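Colleague: dropping the sequence and predicted coords here.
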Amino acid sequence: MSAKVMRGLGRRRFLSTPVMETYVVMPVKPVQWRARRLFIIDQTLLPRECVEMALPTVDAVWEAIKRLRVRGAPAIGICAAYGVMVGILERNPAGVAETLQAVRAAADRLSTSRPTAVNLFWALDRMRRVAETAAPGAANTETFIDRLEAEAMAIHAEDEAMCLAIGRHGAPLIHENAGVLTHCNAGGLATSGYGTALAPMFVAHEQGRKFSVFADETRPLLQGARLTAWELVKSGIDVTLICDNMAAQVMRERRINMVIVGADRIAANGDAANKIGTYGVAVLAKEHKIPFYVAAPSSTFDLTIETGGQIPIEERDPEEITHGFGLQTGADGVKVYNPAFDVTPAQLITGIITEKGIIESPNRENIARVLGT
Ligand code: MRU
């Protein structure tokens, strides 16, 4: 079904937008580049409204990433790559040297938006590297800009392919009548395609398997309740929403056979940062002898750091906890600690599902073997 324009000035509400033939249902593309303009689905409005917004300036791209209008590690990287293009076009540069300046300025600015997801820095580094390499031999400004646009589009297309491959590698792990727990949102909204943690679910569903998903609501910003539940309901996958503090009970009741979550950064030893609460789920899974899988593309690995202890953890505004979604739920004057991510040690991870295959018992050697690094 085609997108229906509901509001002016680049804001549209989608009913449903098919993007790849292989999808049973894929309702939205969270990041789009059309006619050299950048659009995102404003995820802060989901699930009430699915509204597209244009990001015409680097400041708007920065704000959208910071405020989680676009979020999820791969989607942030894709948006930032296009954000560099926005920075170029915003300046309307007179020559190659000025274009290169625009790339550097946009990349520097966007790299300050969020610290944990390495995909942001990976995508910005790719754009920077292409710019620095292509600038000296560029025939003219337009061919230089074309080269950079091609790189941003390649980052986008590669992510789509990686997600599908993750889905295909992970789907056989989901058995008929399985119960799968997931945390936060690592679905289509967090990537450019099938998602990472949700990709095996989408593929298993396409293959006709029946299984149920339990989605943690994911305090404080409710990505599980607002986004994962929305995607799975739309796709016709059986999904049950639970509060974060119910996971232990649901595991004890033997409703869960496996856990699959996404990741924002994976260290060389296999330690994986993901949405706050993931570590707790991993501890619970171990206690209940339930396999715990992380699903992530190779762009989420940061092999420059040895362990998860070196991953920068974003701390967010206390108001997300005391006044979540505009309602005061914390006492006036209370101190708040609001880390947005935690690190699950590799020893608690059964396997990491990547586009190149599953890394069983992740450690430096097993990661290098599967990723070919
Ligand atoms: O703060 P968010 O919503 O950007 O956090 C997202 C997550 O933690 C996801 O699980 C992770 O980015 C993987 S997305 C495929």
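Modeller: Thanks, I have it.
Colleague: tell me the SS of Val103?
Modeller: Under DSSP: H, G, I helix; E, B strand; the rest coil, the three-state class of Val103 is helix.
Colleague: would you mind measuring from it to the ligand?
Modeller: Look at Val103 and the ligand: by Cβ to the nearest ligand atom, to the nearest Å, they are 24 Å apart. Where you see a C-beta, it was placed from the backbone N, CA and C, and this is true even at glycine.
Colleague: so for that residue, what's the nearest residue that isn't a sequence neighbour?
Modeller: Using Cβ to Cβ, 6 or more residues apart in numbering and skipping the chain neighbours, the partner closest in space to Val103 is Ala131 (4.2 Å).
Colleague: I figured that neighbour was touching Leu100, is that so?
Modeller: Yes. The pair Ala131 / Leu100 is scored as a contact, 5.6 Å apart, by Cβ atoms under 8 Å.
Colleague: so between those two, which is more surrounded?
Modeller: Ala131 (25 against 21; other Cβ atoms under 10 Å).
Colleague: mind pulling up the pLDDT for the more buried one?
Modeller: Looking at Ala131, its pLDDT reads 98.
Colleague: tell me which element it is part of?
Modeller: helix 118-134 (DSSP states H and E).
Colleague: what does that helix rub up against?
Modeller: 65, 73-74, 76-78, 80-81, 84, 99-100, 103-104, 107, 110-111, 113-114, 144, 147-148, 151-152, 155, 264-265, 299-302 (Cβ atoms under 8 Å, 6 or more residues apart in numbering).
Colleague: do you know how far the residue nearest to Val103 is from Ile41?
Modeller: 28 Å (Cβ to Cβ, to the nearest Å).
Colleague: give me the phi and psi for Arg34.
Modeller: Main-chain dihedrals, Arg34, degrees, to the nearest 10: phi -130, psi 130.
Colleague: what about it, how many residues close to it?
Modeller: Neighbours of Arg34 (other Cβ under 10 Å): 9.
Colleague: same deal with Thr307?
Modeller: 14.
Colleague: mind checking how far it is from the ligand?
Modeller: 19 Å.
Colleague: what's the answer for Cys79, then?
Modeller: 11 Å.
Colleague: also Val118?
Modeller: 10 Å.
Colleague: neighbours of that residue, just the number please.
Modeller: 27.
Colleague: and the pLDDT for it?
Modeller: Predicted confidence (pLDDT) for Val118: 98.
Colleague: within range of the ligand, give me the residues from the stretch 101-250 of the chain.
Modeller: 117, 184, 186, 190-191, 195-196, 223 (Cβ under 6 Å from any ligand atom).
Colleague: now the helices for the stretch 51-200 of the chain?
Modeller: 58-66, 73-91, 96-110, 118-134, 141-170, 199-206 (DSSP state H, counting those that start in this stretch).
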